[in-house]
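>>> Need the 3D shape of this:
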Amino acid sequence: MKQEEKHLFNPSDIELAIEMPSSLDNEKINRAIDSLITRLAPFMDYLQAPLVGILNFLGRGLLRLFGVGRLETKGVRLKEYLLPMDDGVTCPTDVYLPIEVFKKKRKAPTILVRLPYWKNMLSLLGYLFAAKGYVAILQDIRGCASAIPYGTMDFTYFTRIDGLTTLKWISQRFWYNGRVGGWGISFLGVTQLAVAWDNDGLITCLSPAQCSFTNVLYHQGGLTPLGEIVSILRLMLGITQNVNPSLTAMMKGVEGISEELYYKPLLTLYNDPIDNSRFLMHLADFTKITDSDMLIRTLNETYNLNLKFDERDKGSFAKFLKEVVLARRLNLNYEYLPYAFGFEEARIDTPMLMIAAWNDMFLEQIIRDMKIIQERTPNYFHRNFKIIIGPGAHAGIDMLTRGFMLPNGKKLLQLYQHFAPFWWYDHWLKGDGHDLIKVPTVRLYIMNKGIWRNFAQFPPKVPELKLYLHSSGKANSRFGDGVLSNVPPQNEPPDTYEFDPSNPVATKGGRFLMLKSGFVNQIKIEDRPDVLVYTSDKLTEDLEIIGDIKTVLYAASSARDTDFTIKLVEVHSNRKATLIVDSGIRTRFREGLNEPSLIEPNEIYRYEIKVGSIAIYIPRNHRIRLEISSSNFPRFDVNSNLAGEQNEIRFLIAQQKILHDSQYSSYITLPIFKRF
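Model (predicted):
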């Protein structure tokens with residue numbers, strides 16, 4: 001085998017969060033599974049209602065472990081109600097009442113859960129809240145799951161409007177006592193954030209978990225987060241095309257949006273014209289459209305659709321996802337999605353407990369939200385805002401797939417305990433429980449150490465360690481001579497490598513929904529000659545790194561547009577080097593997303609890259625490593641290097657150069673909280 005063949009991109013290197021068994025890769029079996037789920041769905045209520053009682057009788061310890069505590073009563077579920085929205089669309093809504101509230105028409109606090117994931121499958125949640133003394137409202141949102149017959153999913157445009165309508169309806173119910181809380185993770189959290197401001201006091205407190213005001217697809221470096229786009233679109237198609245639960249549709253995807261896009265980099269090569277003419281619309285354009293009729297008319301005329309949000313979809317929404325979003329005819333790299341249009345931190349006054357996780361796809365966006373609120377509304381931040389960042393990926397999928405054995409089970413429990421913050425609800429909705437003055441504003445789980453630390457702000461003010469890149473011009477792969485040290489470089493030759501878009505570096509770990517997340521071993525990646533590797537000496541003391549990781553690179557390229565990607569890695573041994581955080585930059589966006597410009601071939605440019613935020617312990621005798629390359633697929637799409645031009649093979653091989661000398665000192669900055 002030739003030397004270069006050892007480092008060809010191999011689709012089998014791409015790992016999914018949950019691998020579908022090969023036995024399920026059969027259309028008949030998939031139909032049978034979905035049919036079985038559909039038939040069982042009506043019985044879920046009968047199964048889940050007594051389960052709460054069984055848990056209370058036999059599993060009180062388990063309930064305490066998950067932060068639920070003692071159950072107070074039993075719950076009663078009312079008949080499903082089709083709740084009309086302002087435009088006539090109806091959303092199927094279930095009400096769960098504590099039995100005393102139901103029988104004696106008493107007042108009680110309410111917890112609202114608006115979701116796109118088949119509310120009947122979560123009736124256990126409704127009974128659980130009711131057993132804790134709360135009225136629970138579970139509602140399938142517009143155009144999703146059981147609400148599909150009554151309207152079309154709106155790409156979150158109506159999420160705020162429908163949420164406020166639902167809150168007004170709650171305020172007119174007999175049990176309403178003036179106190180309503182929101183609950184939920186992911187999309188269920190998004191529906192909370194959408195009503196976090198200017199809500200006329202209709203909602204008392206929020207607990208959005210693993211979600212953000214900031215667009216999850218927003219990347220300040222201009223890279224397209226392909227892996228997340230594909231994952232989210234597959235999920236959206238699953239929940240908008242199936243009235244009954246269809247796990248196989250969400251796991252396997254559908255024609256046009258499937259796992260294939262994770263494995264074939266040439267299908268999604270980036271080669272946009274510098275004038276942005278590829279896009280027929282920009283997400284920012286939506287902010288100027290305040291009338292829903294105008295929005296529908298504009299979308300239909302621009303993209304040749306027949307969308308009608310107040311009617312059942314006849315195929316236009318799927319067409320919109322495939323031919324507009326996935327085909328990148330709509331520019332999604334904007335700070336907010338429609339549910340957060342109008343968001344201004346100064347207008348938030350609803351108490352909020354945010355829950356995040358270090359390997360969650362929303363993490364960097366949540367950090368951004370927190371910083372904005374912290375900087376611009378400090379009184380609210382210190383009085384009514386709390387954030388907990390724990391271990392794990394989105395919904396703990398990374399740990400769920402590894403099972404409940406220690407120490408994995410312990411970390412999973414530490415994540416899940418915060419998904420049921422009854423201490424928060426008891427304080428705001430019942431007027432009892434915790435003294436929130438004593439609850440820290442920022443609570444962080446320290447990865448690799450298994451402890452929690454409390455802070456008044458993020459990032460904490462700590463000294464920074466600047467590690468400079470060094471080599472004799474041969475930092476290619478982990479077998480090269482790349483070094484990280486705190487000594488500034490003097491006269492050193494640059495490092496060079498060849499970037500071939502048809503042979504990208506495979507994604508290994510990170511922060512995802514459907515791709516494998518977490519601190520995954522990078523050793524195989526580091527064998528490649530197109531990955532520059534810079535490694536520190538063995539640490540002589542233990543380090544805790546808490547805050548934002550930043551990199552400054554001086555680089556040149558033979559192309560007029562290209563990418564540079566960064567990974568911070570912890571080296572355990574010669575066989576194990578695990579990812580901590582990663583990011584990158586598209587060179588045309590070096591001056592910002594609104595000021596794209598091409599680079600001059602072989603000219604040197606300075607790039608500031610925000611790699612990510614973390615709280616992690618690294619023990620002595622381990623090493624710190626920085627990887628530099630030009631691709632990380634499918635986390636990001638691959639740059640063709642053509643800068644909007646065309647050629648026969650649809651890409652250009654680029655010669656990349658990273659400089660590190662007295663004039664062009666490239667370095668990474670680490671915030672050091674503690675040395676041991």
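>>> can you pull the contacts of A393?
If you count contacts by Cβ atoms under 8 Å, 6 or more residues apart in numbering, A393 has them with 17, 357, 359-361, 399, 511-512, 517-518. Where C-beta positions appear, they are placed from N, C-alpha and C, glycine not excepted.
>>> Among those residues, show me the least confident.
Among the contacts of A393, M399 carries the weakest pLDDT, at 73.
>>> which element is that residue on?
Per DSSP states H and E: M399 is located in helix 397-400.
>>> just the CA coordinates of that helix, formatted as PDB?
Taking C-alpha atoms only, helix 397-400 is exported to PDB below (Å, rounded to 0.1, in the frame of the first residue of the first chain):
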ATOM      1  CA  ILE A 397     -27.100  10.400  24.400                       C
ATOM      2  CA  ASP A 398     -23.400   9.900  24.600                       C
ATOM      3  CA  MET A 399     -23.700   8.400  28.100                       C
ATOM      4  CA  LEU A 400     -27.000   6.600  27.500                       C
END
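>>> since we're on the nearest residue to Y468 once chain neighbours are set aside, how many residues are nearby?
Excluding the flanking residues, the one nearest Y468 by Cβ to Cβ, 6 or more residues apart in numbering is Y667, at 4.6 Å. Y667 has 22 neighbouring residues, counting by other Cβ atoms under 10 Å.
>>> Wait, Y667 touches V552, no?
Yes - in this structure Y667 lies within contact range of V552 using Cβ atoms under 8 Å: 5.7 Å.
>>> Using neighbour counts, pick out the buried residues of stretch 359-366.
Residues of stretch 359-366 classed as buried: 359-366 (neighbour count, 16 or more other Cβ atoms under 10 Å).
>>> So which of those is the closest to N333?
Using Cβ to Cβ, Q365 is the member of the buried residues of stretch 359-366 that lies nearest N333, at 12.6 Å.
>>> do you know how far that closest one is from Y157?
From Q365 across to Y157, the span is 19 Å (Cβ to Cβ, to the nearest Å).
>>> Map the structural domains onto the sequence of this protein.
Here the domain parsing of the chain from automatic domain parsing is 22-26+226-334, 461-675.
>>> Deepest-packed of those, please.
domain 461-675 (a mean of 19; mean count of other Cβ atoms under 10 Å).
>>> And that one, end to end?
15 Å (Cα to Cα, to the nearest Å).
>>> Next: stretch 510-526.
Note: stretch 510-526 ends 16 Å apart using Cα to Cα.
>>> what distance separates that stretch from the centre of its chain?
15 Å (Cα atoms, centre = their mean, to the nearest Å).
>>> One more: stretch 507-522?
For stretch 507-522, the distance to the chain centre is 12 Å (Cα atoms, centre = their mean).
>>> cool, and stretch 281-294?
Put simply, stretch 281-294 sits 24 Å off its chain's centre (Cα atoms, centre = their mean).
>>> What mean pLDDT does that stretch get?
pLDDT averaged over stretch 281-294 gives 90.
>>> Run through the chain and note the low-pLDDT ranges.
1-6, 20-27, 30, 34, 37-46, 56-62, 65-66, 247-256, 400-409, 433 (pLDDT under 70).
>>> Looking at the buried residues of stretch 359-366, which two lie furthest apart in space?
Going by Cβ to Cβ, the pair spanning the buried residues of stretch 359-366 furthest: N359 and Q365, at 13.9 Å.
>>> The stretch 101-250 of the chain: strands as residue ranges?
Using DSSP state E, counting those that start in this stretch, the strands of the stretch 101-250 of the chain run over residues 108-115, 135-140, 176-182, 184-185, 208-209.
>>> got the angle between the third one and strand 108-115?
Yep, that's strand 176-182 we're talking about. Relative orientation of strand 176-182 versus strand 108-115 (axes from the mean of the first three to the mean of the last three Cα atoms, to 10 degrees): 40 degrees.
>>> Take strand 176-182, keep the C-alpha atoms, and write them as CSV.
Taking C-alpha atoms only, strand 176-182 is exported to CSV below (Å, rounded to 0.1, in the frame of the first residue of the first chain):
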residue,chain,number,x,y,z
TYR,A,176,-55.1,29.4,37.4
ASN,A,177,-53.5,31.0,40.4
GLY,A,178,-51.3,33.5,38.6
ARG,A,179,-48.2,31.3,38.5
VAL,A,180,-47.0,29.4,35.4
GLY,A,181,-43.6,27.8,34.8
GLY,A,182,-42.1,26.4,31.6
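>>> thinking again about what came up before, residues contacting the residue nearest to Y468?
466-469, 551-552.
>>> which of those residues lies closest to K538?
The closest of these, once distances to K538 are taken by Cβ to Cβ, is L467, at 13.9 Å.
>>> Apart from its chain neighbours, what residue comes closest to that closest one?
The nearest residue in space to L467 (Cβ to Cβ, 6+ apart) is L484, at 4.3 Å.
>>> Which SSE is immediately downstream of the helix or strand hosting the one you found?
Using DSSP H and E, L484 sits in strand 483-485. Per DSSP H and E, strand 483-485 leads on to strand 495-499 as the next helix or strand towards the C-terminus.
>>> State the next helix or strand along the chain beyond that following strand.
Next helix or strand after strand 495-499 toward the C-terminus (DSSP H and E): strand 532-535.
>>> Run me through the strand neighbours of the next helix or strand after that following strand, direction for each.
Once the chain leaves strand 532-535, the next helix or strand it forms, by DSSP H and E, is strand 543-557. Paired strands of strand 543-557, with direction, are strand 605-618 (antiparallel), strand 654-659 (antiparallel), strand 667-675 (antiparallel) (DSSP bridges).
>>> Would you format those as JSON lines with distance to R114 included?
Converted to JSON lines, the strands paired with strand 543-557 look like this (distance: least, Cβ to Cβ, whole Å):
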{"stretch": "strand 605-618", "distance to R114": "29"}
{"stretch": "strand 654-659", "distance to R114": "47"}
{"stretch": "strand 667-675", "distance to R114": "37"}
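>>> Relative to K107, how far out is L429?
L429 is 12 Å from K107, by Cβ to Cβ.
>>> At which residues are the helices of the stretch 101-250 of the chain located?
Assigned by DSSP state H, counting those that start in this stretch, the stretch 101-250 of the chain shows helices spanning 123-131, 159-170, 187-193, 226-240, 247-252.
>>> what's near enough to touch the nearest residue to Q457 once chain neighbours are set aside?
In space, and not counting its chain neighbours, Q457 is closest to Q374: 5.9 Å by Cβ to Cβ, 6+ apart. Q374 sits next to 381, 457-458 when contact means Cβ under 8 Å, 6+ apart.
>>> measure Q374 to F676 for me?
Q374 sits 28 Å away from F676, taking Cβ to Cβ as the criterion.
>>> got it, and E603?
With Cβ to Cβ as the criterion, E603 and F676 are 44 Å apart.
>>> again, but for L436
According to Cβ to Cβ, L436 stands 32 Å off from F676.
>>> Give me the more crowded residue out of those two.
When neighbours are counted by other Cβ under 10 Å, L436 and F676 differ, and L436 comes out ahead with 16 against 9.
>>> surely that one meets W423?
No - the pair L436 and W423 fails to qualify as a contact (Cβ under 8 Å) at a distance of 9.1 Å.
>>> Determine which two of the contacts of A393 are furthest apart.
The distance between the two most remote of these (Cβ to Cβ) is 15.2 Å, for M361 and M399.
>>> how about the nearest residue to D13, chain neighbours excluded?
Closest residue to D13 apart from its sequence neighbours, by Cβ to Cβ, 6+ apart: A506 at 4.0 Å.
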